[in-house]
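Student: Quick one, fold the following:
(chains A and B)
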There are 2 protein chains.
Amino acid sequence: MAQKPSLPQGTRDFGPRQMSRRHYLFSTIRQVFEKFGFQPLETPAMENLSVLTGKYGDEGDQLLFKILNNGLNHPSKEEKARGAFEQVLQGKNDANLTERALRYDLTVPFARYVVMNQHELSFPFRRYQIQPVWRADRPQRGRYREFYQCDADVIGTDSLICEAEIVLMISEVFQKLGLQDYSIKVNNRKVLSGITEVIGAAGKETDFFVAIDKLDKIGVARVLEELQERGFSPAAIAALEPLLQKQAQGSVTLPFLQELLAQSETGTQGVAELQEMYQLLEAFGGTGAPLELDLTLARGLSYYTGAIFEVKPTSVQMGSICGGGRYDNLTGVFGLKGMSGVGISFGIDRIYDVLEELNLFPTAAESSTQVLIINFGAAEQPHALRLLAQLRQAGLRAELYPDSAKMKKQMDYANKKGIPYVMLLGEEEIKEGKTALKDMQTGSQERLSPQEAIQKIGRA
Amino acid sequence: MAQKPSLPQGTRDFGPRQMSRRHYLFSTIRQVFEKFGFQPLETPAMENLSVLTGKYGDEGDQLLFKILNNGLNHPSKEEKARGAFEQVLQGKNDANLTERALRYDLTVPFARYVVMNQHELSFPFRRYQIQPVWRADRPQRGRYREFYQCDADVIGTDSLICEAEIVLMISEVFQKLGLQDYSIKVNNRKVLSGITEVIGAAGKETDFFVAIDKLDKIGVARVLEELQERGFSPAAIAALEPLLQKQAQGSVTLPFLQELLAQSETGTQGVAELQEMYQLLEAFGGTGAPLELDLTLARGLSYYTGAIFEVKPTSVQMGSICGGGRYDNLTGVFGLKGMSGVGISFGIDRIYDVLEELNLFPTAAESSTQVLIINFGAAEQPHALRLLAQLRQAGLRAELYPDSAKMKKQMDYANKKGIPYVMLLGEEEIKEGKTALKDMQTGSQERLSPQEAIQKIGRA
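Tutor: Below is the predicted model:
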């Protein structure tokens, strides 16, 4: 009996309409990346397990999709495979059972690529990469086991021009996509470290980050309570309060931070970096980008060492749609030290949802057929085929319904596929060298020469 | 100690230069597919194992990359996992160890998609799909474990217009890519069946196909010998000989086949199909496509039921770069009967190699930066940034070298990245409101206004 097929949990098909819109998103972002000198890279879906493990923490390791080695049923492999299987039952990896896994993000494969090709690449190396990644997360609304990442990184320079360019790229991407209501939150890891220093809690960065990250949700009083519970001294809490108040009101300024962090070398450097980034943006001619200094922004802190970015839409309920920052040691784990870089990642699935909710996808993002010729049967068919060739020569996306089915069926097909024009080429039209062009939205019909029809369809 | 990273066997990174060229290939093919009314589809990398097994023969099943289930180290799963592992050691699958596998081609996922979405799709459904597939083949020159397929199929009609359009698409793709030296070999499964019928070997199709497939390599005499060894009767062999001679000379014609197959209903239908396809191509206004009737073309016979296509370059030593045909029961295995379709698949890796060997990639297929501004240091930097913004506003792909490194280093960077123009903006140029534009190929340098420079770069 035929089986009823299904999709693996947490994965999706993308049909024609979604795909056209995703192509539009990808190509918009790609164009901006390329305008800023970033070049495309693709890496394999599978990486050697040793490249991936230990890079994403214990939790990340558990979420890798591992590939079962092939040929395990060969007698020569059985013994080792049995030993390896016992390891797997204990939550460990063993190359005799699984040598490879699906990539978990695009960052580690990028670092591997840079290290393997360090002698051929010219640094600073700017690459972008748009590919799916896989995570064995529990699927839920908006969280998938396969999803695309869309990253741009420049590695091999610590120039803050790169940070400024990240802001410019974000602002150009969303301007091109027509999204106006968003803010780019900016912070600097060194500023955060400076704050913990000056309040006398230098060793407690992580606790501080976890607490301050909730400011938006729980407010100043409860953040301070939480810090108290986590063992922050009354002096530290008293020193923090005015800062948190200012952050809650959105009135933290660079001069304020400069004064606050005067005693911390790291903090002072962080403020100077932010300042320089703002100045560089001015030198670029300014940007209308809605930049917002946000001290609660503490994403990926095990990783970022300087600037931190995050973009949130403001008129739609939605988390971060884009994020990134400066890191200093991405390739160190593979033996290449001293490479500083800065990167940005666009969250395609969420941006898609935002544009859809705000009705921002342009009609041009639909790449469907522009005109369908109705099939009247054998007598008219040679004329229809010649007309079809003419339409395509003019660059139109055109089809002839391949069978001489009932008119209603052919019209339904055009409607369902979202084809805006239909052409009728009956005996009379053929005699006159014309065609009847029907606008499927208005229902109106005109008798036009092929050339006139082509112009009308092309203009739509 | 840092580990030295490596790539899994049979997989590849695609660096900037390859990626730009691959983008050019993909987008050329995509444009043609869309012009013919095909719409994009993407399916997940992973499919449920039950969707894939049994679709590619025993050998194919062995080449599936299976995903190890996650969470096997949970005590509640141990017992079942142990049982499943014993199955795997015997070469079987068991959902308690592996539920999913990576897709092996794009055809089975397409069939699954059609069946799962049959009530929403409008038929005939035309889709194209450009995605990687994975096979645990032994890697060798030109054979990879991860490679892209690039397919277009129309399903839900048996109109031969679709066959004619396949030929037109092939010819338009290669015309756009500038490849002139190729031939489109055409055959029809019904013609092949007819031949075995009329020579009185109706039950021995497979033997016949395997033997005739070698005609090109071993010649008529040895093919006939082989058929004799495989038990074909002297009468059958005598009947075949003139046909094989004709095929070896490339002089098989439709009237000849018509006469030869007059006694076979199936064969006659096959000839009629070929005839109609040729007539439809004429009605389309003719095509310059180098069509060639080739009775030895017997690819994928377990699968194709009507037309069979294969494209080979003629001035480069290379196998098939494109192939396809008509099938009648793609979705039957998932319970949807009676869907006839026809499809084509472009072999991207081979087409890439052919274009490279013939030097057919246009310069425009490089999406690298068009102009690099040299970084002279802090004093000139604000001017350089403003100029950079101006270049990008004009739509150019432009960079400023982010550090004020030595001139030689910056020039080397431009050379290595293949950037055709470099701009120098020193004290004097700034005073004059000009820029020195250096053509990296000729070495010549001109002092131009930014507007003049933009025009010159844009024209290149």
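
Student: all helices for the stretch 101-250 of chain A, in order.
Tutor: A:107-116, A:161-176, A:189-198, A:205-212, A:215-229, A:234-248 (DSSP state H, counting those that start in this stretch).

Student: possible to save those helices as TSV with mean neighbour count and mean pLDDT?
Tutor: C-beta coordinates here come from the backbone N, C-alpha and C atoms, glycine included. Converted to TSV, the helices of the stretch 101-250 of chain A look like this (neighbours: other CB atoms under 10 Å in any protein chain shown; pLDDT from 0 to 100):
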stretch	mean neighbour count	mean pLDDT
helix A:107-116	23	96
helix A:161-176	22	97
helix A:189-198	23	94
helix A:205-212	19	86
helix A:215-229	15	91
helix A:234-248	16	91
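
Student: Just the C-alpha atoms of stretch A:448-455, please, in CSV.
Tutor: In CSV, the C-alpha atoms belonging to stretch A:448-455 read as follows (Å, rounded to 0.1, in the frame of the first residue of the first chain):
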residue,chain,number,x,y,z
LEU,A,448,-4.7,44.2,-29.2
SER,A,449,-1.8,43.4,-31.5
PRO,A,450,0.8,41.1,-30.0
GLN,A,451,3.2,44.1,-29.8
GLU,A,452,0.6,46.3,-27.9
ALA,A,453,-0.2,43.4,-25.6
ILE,A,454,3.5,42.8,-24.8
GLN,A,455,3.9,46.5,-23.9
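
Student: Now render the helices of the stretch 101-250 of chain A as JSON lines, adding distance to chain B.
Tutor: Formatted as JSON lines, the helices of the stretch 101-250 of chain A follow (distance: least, CB to the nearest CB, whole Å):
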{"stretch": "helix A:107-116", "distance to chain B": "4"}
{"stretch": "helix A:161-176", "distance to chain B": "5"}
{"stretch": "helix A:189-198", "distance to chain B": "19"}
{"stretch": "helix A:205-212", "distance to chain B": "25"}
{"stretch": "helix A:215-229", "distance to chain B": "31"}
{"stretch": "helix A:234-248", "distance to chain B": "31"}
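
Student: TSV for those helices, including distance to B:G200?
Tutor: Putting these into TSV (distance: least, CB to CB, whole Å) gives the following:
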stretch	distance to B:G200
helix A:107-116	59
helix A:161-176	68
helix A:189-198	82
helix A:205-212	83
helix A:215-229	83
helix A:234-248	90
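
Student: Please report the distance of A:P255 from A:L243.
Tutor: With distances taken as CB to CB, to the nearest Å, A:P255 is found 14 Å from A:L243.

Student: what does A:M169 give?
Tutor: In terms of CB to CB, A:M169 sits 31 Å off from A:L243.

Student: for A:L41, same thing?
Tutor: Plainly put, A:L41 is 41 Å away from A:L243 if you go by CB to CB.

Student: swap in A:G54?
Tutor: 36 Å.

Student: same check, this time on A:Q258
Tutor: In terms of CB to CB, A:Q258 sits 13 Å off from A:L243.

Student: How about A:A262?
Tutor: Separation of A:A262 from A:L243 (CB to CB) stands at 14 Å.

Student: So chain A: which segments form each domain?
Tutor: Following automatic domain parsing, chain A resolves into domains at A:182-314, A:367-459.

Student: Below-threshold pLDDT in chain A: ranges please.
Tutor: Applying pLDDT under 70 to chain A flags the ranges A:1-2, A:299-301.

Student: Assign A:G71 to helix, strand or coil.
Tutor: Under DSSP: H, G, I helix; E, B strand; the rest coil, the three-state class of A:G71 is coil.
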